[in-house]
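**Q** Got a predicted structure here, sequence first:
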Amino acid sequence: MTLYERLVRLLAPVLRFFFRIRVIGLPEKLPEGALVVCCNHSSNFDALFLAVSLSRPITFMGKKSLLRVPVIRHIVKGVGMIPLARDGGDAAKLRQAVRELKEGKLLVIFPQGRRFRKTPRETVAQGGVGMMSVLSGAKILPGAIVTRRYRVRPFCKVILNFGEPKMYQGEGSTRGEQAVSVSNAAFEDVCALAEEAEKML
């Protein structure tokens, strides 16, 4: 059993005790091969909610500052975080993410770039999701993580609402333009999934 599997097995009952987690629209077994999971981001628990809900190990891109906290450092490294600096300049880490996708792994990206305690429709997506898909040829799985007022408290209801994995067709003559187009299209699906889940709270 890998470290990731041990951590997920340990964390799953704890998270499900403290939070009422409901997963919607997710197949019992995710398709094999490269896949980018694109979700809104409102809580430091989001990657953990995904780790215990998805049937495949995740790799995710997160802020490097999480590694400063000893307990969190071991958890996020154990669940496969690729650390990124807030001010950019992490080309090597981006290439690592593309390599892992080309190896057939599952990569989680929070397209807003940081946490927002508000409905996704009130925020905008950055181009990272689209760029990872364009460079690797990976499909994107849109998803929304929704809580009341987008705040996570003990024993609150957490809904993870997923769409279908698909290849988004980007518009534009350059990779950058295509990446932005793909990110915007995927994030529009995230917003729609969030609005659907909000009605279930």
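**A** Nice, I can see it.
**Q** Toward the C-terminus, what is the element adjacent to the lengthiest strand in the chain?
**A** Ranked by residue count under DSSP state E, the longest strand found in the chain is strand 139-146. With elements assigned by DSSP states H and E, the helix or strand that comes after strand 139-146 is strand 157-162.
**Q** Give the other helices and strands that the helix or strand following that next one contacts.
**A** Per DSSP H and E, the first helix or strand lying C-terminal to strand 157-162 is helix 175-198. For helix 175-198, the packing partners by 3 or more CB pairs under 8 Å, 6 or more residues apart in numbering; DSSP states H and E come out as strand 35-39, helix 128-136, strand 139-146, strand 157-162. Every C-beta, even on glycine, is put in place using the N, C-alpha and C of the backbone.
**Q** Just put these in a markdown table and tack on mean pLDDT, mean neighbour count and distance to residue 169.
**A** Below are those laid out as a markdown table (pLDDT from 0 to 100; neighbours: other CB atoms under 10 Å; distance: least, CB to CB, whole Å):
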| stretch | mean pLDDT | mean neighbour count | distance to residue 169 |
| --- | --- | --- | --- |
| strand 35-39 | 97 | 26 | 15 |
| helix 128-136 | 95 | 24 | 10 |
| strand 139-146 | 98 | 26 | 11 |
| strand 157-162 | 98 | 22 | 20 |
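**Q** Dump the ones you listed to a markdown table, plus distance to residue 84.
**A** Shown next, in a markdown table, are those (distance: least, CB to CB, whole Å):
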| stretch | distance to residue 84 |
| --- | --- |
| strand 35-39 | 15 |
| helix 128-136 | 9 |
| strand 139-146 | 19 |
| strand 157-162 | 23 |
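**Q** Now do the helix-or-strand element of the chain with minimal mean pLDDT: which elements does it pack against?
**A** Ranked by mean pLDDT, DSSP states H and E, the weakest helix or strand in the chain is helix 70-78, scoring a mean of 73. Other elements packing on helix 70-78 under the criterion 3+ CB pairs under 8 Å, 6+ apart are helix 3-18.
**Q** Next, the angle from the helix it packs on to helix 70-78.
**A** 120 degrees (axes from the mean of the first three to the mean of the last three CA atoms, to 10 degrees).
**Q** Rounded mean pLDDT for helix 3-18, please.
**A** In this model, helix 3-18 has a mean pLDDT of 92.
**Q** same question, stretch 191-200
**A** Averaged across stretch 191-200, pLDDT comes to 98.
**Q** now swap in stretch 105-115 and tell me
**A** The average of the pLDDT scores along stretch 105-115 is 93.
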